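Engineer: Quick one, fold the following:
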Amino acid sequence: MASSLLTPGQDQRSATVPAGRHQRPLRERLEPYLLISPTMLLILGLMVIPIVIVIGYSLMDNVVTNPTPKFVGISNYVTILTTPAFWSAAGNTLIFTVGSVVAHMVIGILFALMLNSKTMARVPRAIFRAIYILPWIFTASVVAVLWRLLLDPSGVINYLFTSVGLLHEAVPWLATASTALLAVTVINIWSGYPFFMISLLAGLQGVPTDLYEAARVDGAGFFRQFVSVTLPALKPILYSMALLDLLWTTQQFTLIWATTGGGPLERTEVLSTFTYKLAFNSYQFSMAATSAVIVLAGSLVVAVFYVRRQRKAAQR
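Structural biologist: From the prediction side, this is the model:
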């Protein structure tokens, strides 16, 4: 009936347009953009512009110290990617990151399962929860000071190991080339696992108890319930947290700088400390910008996977 009222040549699709849609005043049409404009200006000023400037620095011969820097294209990238120190720092970053993320997941799951267990009384559960969350309370500088004292040759850890016979003499863990990277990885694991534990504990409390009851009726034991019920329920949380932890750990700087400074003999040198030293020790700001852009590119790849995962989860 409505189509018969259209004049010849009139687009029939206009009949489906709600009345008054084209009569909205300019103020109403601009209102959504005005509301988000402060956020967009902050993002532009604090993120986009600095990133563009750093990318520009990476394409110059040497900025800041050189009053007339010249455009050199990708020459800095070729230099960085052919520098053994860069790949050594990248390898240390990979070991440090993968070890930390895997340990965070394993320890977080174990502690979350323990705190979620119905066999533990309420008071002990509250005490353990307070103890396990303590590392999350301390700042990175406090954690660094604490562990430097613990790992000192005259510290508690060496005393315990020598007392039980595991060591014949005290070891300077953070000053020994063969143990420094392991030591800073353990410190990072200790300071970061509470985030996984709390998040996974919240996820466990959201799993319906009916699923566990049905699994027990089918004769499933604890391990089978964990594989068939717990892990599928926690999978979205584990995936998202692993990606976020991967981003955070690859950019860890304060903890390593406050404990070892990248030493000894660059055995704990990671990409963040490597970039910092290029800028503020060697004053090679263009090379530091180049290293920062490479790290940013790697982080963006992980960020893309995270965003895509979140989008798929929202569509379910």
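Engineer: For the rest of this, base every contact and every neighbour count on C-alpha atoms.
Structural biologist: OK.
Engineer: Compute the distance between residue 79 and residue 124, please.
Structural biologist: Note on residue 79: its distance to residue 124, by Cα to Cα, to the nearest Å, is 57 Å.
Engineer: Whichever strand or helix holds residue 245: how far from the chain's middle?
Structural biologist: In the assignment (DSSP states H and E), residue 245 maps to helix 231-250. Mean-position distance between helix 231-250 and its chain equals 9 Å (Cα atoms, centre = their mean, to the nearest Å).
Engineer: tell me the average confidence for stretch 123-140?
Structural biologist: Mean per-residue pLDDT for stretch 123-140: 86.
Engineer: residues of it that come out buried?
Structural biologist: For stretch 123-140, a neighbour-count test (16 or more other Cα atoms under 10 Å) marks 125, 129, 132, 133, 135, 140 as buried.
Engineer: ditto for stretch 76-87
Structural biologist: 76, 77, 80, 85, 86.
Engineer: Can you show me the helices along the stretch 1-150 of the chain?
Structural biologist: 26-43, 49-58, 75-81, 84-116, 122-132, 134-137, 140-150 (DSSP state H, counting those that start in this stretch).
Engineer: What is the shortest one packed up against?
Structural biologist: Using 3 or more Cα pairs under 8 Å, 6 or more residues apart in numbering; DSSP states H and E as the contact criterion, the elements in contact with helix 134-137 are helix 180-204.
Engineer: again, but for the fourth one
Structural biologist: Packed against helix 84-116, as judged by 3+ Cα pairs under 8 Å, 6+ apart, are the following elements: helix 122-132, helix 180-204, helix 231-250, helix 271-280.
Engineer: and what of the second one?
Structural biologist: Using 3+ Cα pairs under 8 Å, 6+ apart as the contact test, the elements touching helix 49-58 are helix 285-315.
Engineer: what do you get for the last one?
Structural biologist: Contact analysis of helix 140-150 by 3+ Cα pairs under 8 Å, 6+ apart lists helix 156-164, helix 180-204, helix 254-259 as its packing neighbours.
Engineer: Try it again at 6 Å.
Structural biologist: helix 254-259 (3 or more Cα pairs under 6 Å, 6 or more residues apart in numbering; DSSP states H and E).
Engineer: And the helix it packs on, what does it pack against?
Structural biologist: For helix 254-259, the packing partners by 3+ Cα pairs under 6 Å, 6+ apart come out as helix 140-150.
Engineer: before we move on, the earlier item: out of the helices of the stretch 1-150 of the chain, flag the one nearest residue 235.
Structural biologist: Closest to residue 235 of the helices of the stretch 1-150 of the chain, according to Cα to Cα: helix 84-116, at 11.4 Å.
Engineer: Cool, thanks, talk later.
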